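Asks: the amino acid sequence is not available; the structure is as follows:
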């Protein structure tokens, strides 16, 4: 949000609202014209802008105008307010010695301003790298090292980065039994979970553990009764049947149509290349041309010294 333009004939203040899209490009999302830079004018402009939007912005960048800052704190409550770095750097020469401002190390440190809360390990920095790319920048790692923190806080590690995003036990079940049905995979996962819960309380008690083994052995015998073996089942076939909602017949007979040639490629009607044309031309028998009186592959009509062929370009002109 910037209010530095007074280029209209009425000398009114033009205030554009600029945002950043998903491609990290700036886009104009609104604009307004106010007569003065007072708190009332800025409050009216912000309220009008909010009425045209679906939700409040999460962050806003402005210059150091005190009236605008007061309006933002009143109208955009809960919105993070930051000062524009360009305005800060443009006013540096009038506030600090020129030799200090022109120093490259000074500019580098100014651009890397950040804050760190050691209690909840929250890092706030001006580059906003994590907010836009969801990856910590080198500034944040430098701060963590300075505070002797050598492990990335959990709040900055998304679930999609973690190895255990998909449960390892779930992966082993699918690999062992080659199950592609989601419902059956979930049942197998539950069975494995209940089995582990039965073992945990008796793992240090030999008698209880032996009773559990005997119970499981009896259960395995009972489970095997009246159950058809599916060792030869095809998991890919089951997945396809679940998708189409019908069973695929194993006995598929394909009837060969009669009257169709099964050998050869038929008549060659393909376009010949330049090499094929040159080879075919060289194989033709040579004859004496009435134009050049030589033993060649052309006749008088196609002879290079034919007068009509020589004068053809001039006739076009």
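Replies: That came through, no problem. For clarity, every value in this text was computed on a predicted model and none was experimentally measured.

Asks: what is the host helix or strand of residue 141 packed up against?
Replies: Secondary structure assignment for residue 141, by DSSP states H and E: helix 138-146. In terms of contacts (3 or more Cβ pairs under 8 Å, 6 or more residues apart in numbering; DSSP states H and E), helix 138-146 is packed against strand 114-117, strand 122-125, helix 129-133. For every residue, glycine as well, the C-beta is placed using N, CA and C.

Asks: for that helix, buried residues please.
Replies: Neighbour-count burial for helix 138-146 flags 139, 140, 143, 144 (criterion: 16 or more other Cβ atoms under 10 Å).

Asks: out of the residues you listed, which is nearest to residue 303?
Replies: residue 139 (81.9 Å; Cβ to Cβ).

Asks: the closest one contacts residue 130, correct?
Replies: No - with contacts counted by Cβ atoms under 8 Å, residue 139 stays clear of residue 130, the gap being 10.1 Å.

Asks: can you give the contact residues for stretch 46-66?
Replies: Residues from elsewhere that reach stretch 46-66 (Cβ atoms under 8 Å, 6 or more residues apart in numbering): 1-4, 17, 19, 29-30, 32, 37, 68-69, 71-72, 75-76, 78-84, 87-88.

Asks: which of those count as buried?
Replies: Buried among the contacts of stretch 46-66 by 16+ other Cβ under 10 Å: 1, 2, 3, 17, 30, 32, 68, 69, 71, 72, 75, 76.

Asks: which SS class is the spatially closest residue to residue 2 that is not a sequence neighbour?
Replies: Excluding the flanking residues, the one nearest residue 2 by Cβ to Cβ, 6 or more residues apart in numbering is residue 16, at 6.3 Å. With DSSP: H, G, I helix; E, B strand; the rest coil as the basis, residue 16 sits in strand.

Asks: now do residue 16, the pLDDT please.
Replies: Turning to residue 16, the model gives it a pLDDT of 88.

Asks: residues near residue 196, how many?
Replies: By the criterion of other Cβ atoms under 10 Å, residue 196 has 9 neighbours.

Asks: do residue 49 as well
Replies: Residues near residue 49, counting by other Cβ under 10 Å, number 20.

Asks: and if you look at residue 289?
Replies: 20.

Asks: go on, residue 283?
Replies: Residue 283 has 8 nearby residues by other Cβ under 10 Å.

Asks: quick one: residues contacting it.
Replies: Per Cβ under 8 Å, 6+ apart, neighbours of residue 283: none.

Asks: how close does it get to residue 297?
Replies: Taking Cβ to Cβ, to the nearest Å as the measure, residue 283 falls 10 Å from residue 297.

Asks: now do residue 237
Replies: The gap separating residue 237 from residue 297 is 63 Å, by Cβ to Cβ.

Asks: then residue 106?
Replies: In terms of Cβ to Cβ, residue 106 sits 84 Å off from residue 297.

Asks: check residue 188 too.
Replies: 78 Å.

Asks: what about these two, which has more around it?
Replies: A count of neighbours by other Cβ under 10 Å puts residue 188 above the other of residue 188 and residue 297, at 19 against 13.

Asks: quick check, pLDDT for the more buried one.
Replies: 79.

Asks: then residue 45?
Replies: 90.

Asks: what's the local residue count around it?
Replies: Around residue 45 there are 23 residues (other Cβ under 10 Å).

Asks: likewise for the one 3 residues further on?
Replies: Counted with other Cβ under 10 Å, residues neighbouring residue 48 total 11.

Asks: before we move on, what about residue 304?
Replies: By the measure other Cβ under 10 Å, the count of residues near residue 304 is 11.

Asks: now it: which helix or strand?
Replies: Short version, using DSSP H and E: residue 304 is in no helix or strand.

Asks: any idea how far it lies from residue 59?
Replies: For residue 304, the distance to residue 59 - Cβ to Cβ - is 79 Å.

Asks: residue contacts, residue 291?
Replies: Residue 291 neighbours (Cβ under 8 Å, 6+ apart): 299, 300, 303, 305, 306.

Asks: I appreciate the help and will end here.
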